[in-house]
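Chemist: Test case, fold it:
(2 chains, ligands or ions: 5)
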Protein chains: 2
Amino acid sequence: MSDKIALQLHDTDNVLIVLSNIEHGKQLTPFDLLSNGLIPRGHKAALTAMKPGDTVRKYGQIIGIATQDIAPGEHVHTQNVKMAQFDRDHAYGQHATPTEMVPEAQRATFQGYRRPDGTVGTRNYVGIITSVNCSASAARLLAREAAKRGLLAKYPNVDGIVPIVHGAGCCIGTDDEAFYKLQRTIWGFATHANFASVLMLGLGCEANQIPLMLEVYGNPPPEKFRYHTLQAEGGTRKTVELGLQWLEQALEYANTARRETVPASELTVALQCGGSDGYSGITSNPALGHAVDLLVRNGGTAALAETPEIYGAEHLLTNRAASPEVGQKLVGLLEWWEVYAAKHGSEMNNNPTPGNKAGGLTTILEKSLGAVAKAGSTNLNGVYKYSEKITAKGLVFVDSPGYDPVSITGEVASGCNMVCFTTGRGSCYGNKPAPSIKIASNTPMYQRMQEDMDLNCGTIADGTETVAEAGARIFQEMLEVASGKRTVSEALDVGDAEFAPWQTYAQM
Amino acid sequence: MSDKIALQLHDTDNVLIVLSNIEHGKQLTPFDLLSNGLIPRGHKAALTAMKPGDTVRKYGQIIGIATQDIAPGEHVHTQNVKMAQFDRDHAYGQHATPTEMVPEAQRATFQGYRRPDGTVGTRNYVGIITSVNCSASAARLLAREAAKRGLLAKYPNVDGIVPIVHGAGCCIGTDDEAFYKLQRTIWGFATHANFASVLMLGLGCEANQIPLMLEVYGNPPPEKFRYHTLQAEGGTRKTVELGLQWLEQALEYANTARRETVPASELTVALQCGGSDGYSGITSNPALGHAVDLLVRNGGTAALAETPEIYGAEHLLTNRAASPEVGQKLVGLLEWWEVYAAKHGSEMNNNPTPGNKAGGLTTILEKSLGAVAKAGSTNLNGVYKYSEKITAKGLVFVDSPGYDPVSITGEVASGCNMVCFTTGRGSCYGNKPAPSIKIASNTPMYQRMQEDMDLNCGTIADGTETVAEAGARIFQEMLEVASGKRTVSEALDVGDAEFAPWQTYAQM
Ligand SMILES: [Ca+2]
Ligand SMILES: [Ca+2]
Ligand SMILES: [Ca+2]
Ligand SMILES: [Ca+2]
Ligand SMILES: [Ca+2]
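Modeler: Residues are numbered from 1 along each chain as shown, chains lettered A, B, ... in the order given. Ligands and ions are numbered 1, 2, ... in the order given. Below you'll find the model as predicted:
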């Protein structure tokens, strides 16, 4: 801990965040500035004088404009700041700037599994994936039987056998986006680079037909993919027997995989936050954003998701879209969400709540920036549907709900081979097959839940580390985990029960 | 096998079902009647002469009216039968008749677990139930650790330790029926009579707050229920440790339970069909219906569900509703379903498809009767929302989708302590904590999937057993399984991955 009591989140910001309740006339250490009036913890103090019409900047971005004269050290909030109409303009690509890439020869690398199809895995699992809930128990029984027999012991290069089960797959229409979403999600896992080989199990009569998926997406080579249905094979026990036979070959094959040096451009990181608190937006999220900037500058890819959290503030992303088409696709998603929410009697509204305002959030921009901060500052290079394969490099967006397991399921199905998850209240999330780095926003929670946390960014609020320092540390951790360092959730063996495809259909 | 080639499903029927493709002039053994023209397999032949306006009866119920003269032995189908307007009349309760109850002293009994709260279990499990996906891995790790340590070995009266995990519980509105549905479902399992004791695990910050459930539903006694959250306990490992401590007490307590003789009125059976085929409606479903009539006459309860399968034919149930209110509640559910389906771009339509017609189904009544046949012939005594606690005895209806795991999840949450599941294509379903009797509609599938089938009703089409005989056999199996006889799915240990709450909310 230091005696720092104010924080500048970006060097172009004209506001500071105060870290405790501040009385009038107190020095905003380490800044040579006195508070001008009471400022509650987590709220903003003016670093420089502002006049009406001046922009207010936090995270290096505009969060509103001053409505009156603001003196240095004064409390900056709803009484002297408003949203400006220009802030709401989608301004497609108007703030897009070329990314300063790290020179090719100096770019970061990691030790990954290069697959025959050219994709790169950060882990080397074999998977037992289900097309429908009706084969879920068979998949779990197969995994359990393999564990009982200790099959993995002979295959030191294999990270594990992962059953991917869910409650969906039948009694749904098969000719609309709601179904395609489910199909893409299941297929995205079936062909994920972190699986050396996959067995798909179905019942046989389900709506989500395995042969139809093969028709739509193509049939992977036999060493990578096989399928059985319980009805064709004569039931649970016989299918588990066939699965055990398959496992012998699949494990043998998977065990031949070796890590090799690959460029950081083969890393695709799913960004996520869950159980956010007042610190998330000022510590872990900006630090992760800094790490994402480093990743992107090294040629890698990061996927922002959680569409409801950017609602009403989508111009934060459209104005740095790499092309108008990319920006328009994002706006199209938000229009779909309005209909989706209304249909269910819910409402899209990311405006600051009274609680948010009490916590110091002044505008919807500032609130959404707290979430978007984890995406860093580079251009938005692509927008994808839920579980749609990511093809662009750099920063991209994948449509999803905010709910962690459902969101990450889509991100991983889209091709993310790692997850970075910031949390304030504390999440015990883990994912298989994608290793998940969990990043605490505050030190007390980190200490309380240390066994479930990989990194602590509470250091930023504690004053012992800058955002940039914490970001560099996260980027280093990404490379190490991508190269095989185990996350805490992997050490605990968390991640077998988090496959949660987004269901937007009517379950009939 | 016998040489029987025609089947009368109910003794008041004026049509027969033919069991193979029949040429003109062939005897419809065992009936003293010649076919009058070609009749395809599974289609209907007139048993008696009909005139225009005469009712056509199958399953002892009206499926349409004759539009022209029909001679005995003639093919009865769309060319000479139509729906009549009066069939579509809800006619609340107009066909309700007093059930001929078995005299009190002669009623069936079984060996069940009488719980301190008066409910009766057919099994004696302990449960680890999750409020949200964020604690799913912790629940599975706890169950696995208990298995590794062989904790059950010391407690021979305990059937097992069941993790109940799912993909839901957060980022949803908490003030509407969609949320209450989820809450009721989770709580219905938490307080199910087949669990002697339950530990509920949450993360802590989820929308589906455990303390809120306790407020709404009341706090069960400590030997029956405890809860922990990962955030309060300091993470995954510490919570699993606490869970292991709880398990010692919970298993000790559960192990003191003993089966005792209880009346069949303590049995509440969830009815289900999945993977139906052309035989389901003429073999397994009517046989199960006969068993349900026996159960009801002995004071027991059976829950029909799968609302989409009765759509358009709900008068089959409303006309034997015990009261107008019961009938109206059913009609209200169907109106809700119309909106639900339309909202998602789906359509409610249970009319016979061209394929159904080719298979011999003439009207929507006949098609729905194939499904409703498994509910038998007694009055409809209650209609319940998904996972709403069943309070009536006799035949009741529980709203649900047709999809097996989602439907049964609601039926079991509503209080069913057993499942009877008919299947034509073959299902490998199992449920914990409710034992599931699986009933094959045809002998070839039964033989192919025998390890997953408890009973075969293909015997009815084979001509070696009548519907009534098969029904009596099913009722006997219900009592034996309720008393502890293991089902095939229990022997295989299927049933840990089928908890699938119906999600009708917008996942935000
Ligand atoms: Ca099934
Ligand atoms: Ca989230
Ligand atoms: Ca992990
Ligand atoms: Ca069903
Ligand atoms: Ca069972």
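Chemist: Flag every residue of the stretch 101-250 of chain A that's near ligand 1.
Modeler: Contact residues, the stretch 101-250 of chain A versus ligand 1 (C-beta under 5 Å from the ion): residue A:134. C-betas here are computed from N, CA, C, even on glycine.
Chemist: Buried residues in the helix or strand where residue A:446 lies, which are they?
Modeler: Using DSSP states H and E, residue A:446 sits in helix A:443-448. By 16 or more other C-beta atoms under 10 Å in any protein chain shown, the buried positions in helix A:443-448 come out as A:443, A:445-446, A:448.
Chemist: Ligand 5: which of those residues is nearest?
Modeler: Ligand 5 lies nearest to residue A:448 out of the buried residues of helix A:443-448, by C-beta to the ion, at 40.2 Å.
Chemist: So which elements touch the helix holding residue A:446?
Modeler: Here helix A:443-448 touches helix A:458-462, going by 3 or more C-beta pairs under 8 Å, 6 or more residues apart in numbering or on different chains; DSSP states H and E.
Chemist: tell me what the very next helix or strand once past the helix it packs on is packed against?
Modeler: Remark: after helix A:458-462, the chain's next helix or strand is helix A:467-482, criterion DSSP H and E. Applying 3+ C-beta pairs under 8 Å, 6+ apart, we find helix A:467-482 packed against strand A:109-114, helix A:284-297, strand A:418-423, strand A:436-440, strand A:455-456, helix A:458-462.
Chemist: mind exporting helix A:467-482 as PDB, just the C-alpha atoms?
Modeler: Taking Å, rounded to 0.1, in the frame of the first residue of the first chain, the C-alpha atoms of helix A:467-482 are listed here in PDB:
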ATOM      1  CA  VAL A 467      -2.300   0.400 -15.000                       C
ATOM      2  CA  ALA A 468       0.500   0.000 -17.600                       C
ATOM      3  CA  GLU A 469       2.600  -2.100 -15.200                       C
ATOM      4  CA  ALA A 470      -0.400  -4.300 -14.400                       C
ATOM      5  CA  GLY A 471      -1.200  -4.600 -18.100                       C
ATOM      6  CA  ALA A 472       2.300  -5.700 -19.000                       C
ATOM      7  CA  ARG A 473       2.000  -8.300 -16.200                       C
ATOM      8  CA  ILE A 474      -1.300  -9.600 -17.600                       C
ATOM      9  CA  PHE A 475       0.200  -9.800 -21.200                       C
ATOM     10  CA  GLN A 476       3.100 -11.800 -19.800                       C
ATOM     11  CA  GLU A 477       0.700 -14.200 -18.000                       C
ATOM     12  CA  MET A 478      -1.300 -14.600 -21.300                       C
ATOM     13  CA  LEU A 479       1.900 -15.800 -23.000                       C
ATOM     14  CA  GLU A 480       2.900 -18.100 -20.200                       C
ATOM     15  CA  VAL A 481      -0.600 -19.600 -19.800                       C
ATOM     16  CA  ALA A 482      -0.800 -20.000 -23.600                       C
END
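Chemist: next structured bit after it?
Modeler: Assigned by DSSP H and E, the successor of helix A:467-482 is helix A:488-492.
Chemist: pLDDT on that following helix, on average?
Modeler: Helix A:488-492 carries an average pLDDT of 98.
Chemist: just checking, what packs against that helix?
Modeler: Packed on helix A:488-492, when contacts are counted by 3+ C-beta pairs under 8 Å, 6+ apart, are strand A:436-440.
Chemist: packing partners for the strand it packs on?
Modeler: helix A:284-297, strand A:418-423, strand A:455-456, helix A:467-482, helix A:488-492.
Chemist: okay if I get those as JSON lines plus mean neighbour count?
Modeler: Shown next, in JSON lines, are the helices and strands packed on strand A:436-440 (neighbours: other C-beta atoms under 10 Å in any protein chain shown):
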{"stretch": "helix A:284-297", "mean neighbour count": "28"}
{"stretch": "strand A:418-423", "mean neighbour count": "28"}
{"stretch": "strand A:455-456", "mean neighbour count": "24"}
{"stretch": "helix A:467-482", "mean neighbour count": "21"}
{"stretch": "helix A:488-492", "mean neighbour count": "21"}
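Chemist: Does residue A:75 lie in a helix or a strand, and which?
Modeler: Going by DSSP H and E, residue A:75 is part of strand A:75-76.
Chemist: What strands line up against the helix or strand following that strand, and which way round?
Modeler: Next helix or strand after strand A:75-76 toward the C-terminus (DSSP H and E): strand A:81-82. Using DSSP bridges, the strands paired with strand A:81-82 are strand A:61-66 (antiparallel).
Chemist: okay, the partner strand in CSV with CA atoms only?
Modeler: Taking Å, rounded to 0.1, in the frame of the first residue of the first chain, the C-alpha atoms of strand A:61-66 are listed here in CSV:
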residue,chain,number,x,y,z
GLN,A,61,-11.9,9.0,-23.9
ILE,A,62,-14.7,11.5,-23.8
ILE,A,63,-17.2,10.7,-21.1
GLY,A,64,-19.2,14.0,-21.4
ILE,A,65,-18.9,17.8,-21.5
ALA,A,66,-18.7,20.4,-18.8
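Chemist: Please name the nearest non-neighbouring residue to residue A:458.
Modeler: Spatial nearest neighbour of residue A:458, excluding adjacent residues (C-beta to C-beta, 6 or more residues apart in numbering or on different chains): residue A:443 at 3.3 Å.
Chemist: Return the residues in contact with the one you found.
Modeler: With contact set as C-beta atoms under 8 Å, 6 or more residues apart in numbering or on different chains, residue A:443 has these partners: A:456, A:458-459, A:461-462.
Chemist: circling back to that earlier point, helices or strands up against the strand holding residue A:75?
Modeler: Using 3+ C-beta pairs under 8 Å, 6+ apart, the elements in contact with strand A:75-76 are strand A:44-46.
Chemist: Contacts for the strand it packs on next, please.
Modeler: By C-beta under 8 Å, 6+ apart, strand A:44-46 touches A:6, A:14-18, A:22, A:28, A:33, A:35-36, A:39, A:56, A:58, A:70-77, A:360, A:362.
Chemist: Now list the buried members of the residues you listed.
Modeler: A:6, A:14-18, A:22, A:28, A:33, A:35-36, A:39, A:56, A:58, A:70, A:72-77, A:360, A:362.
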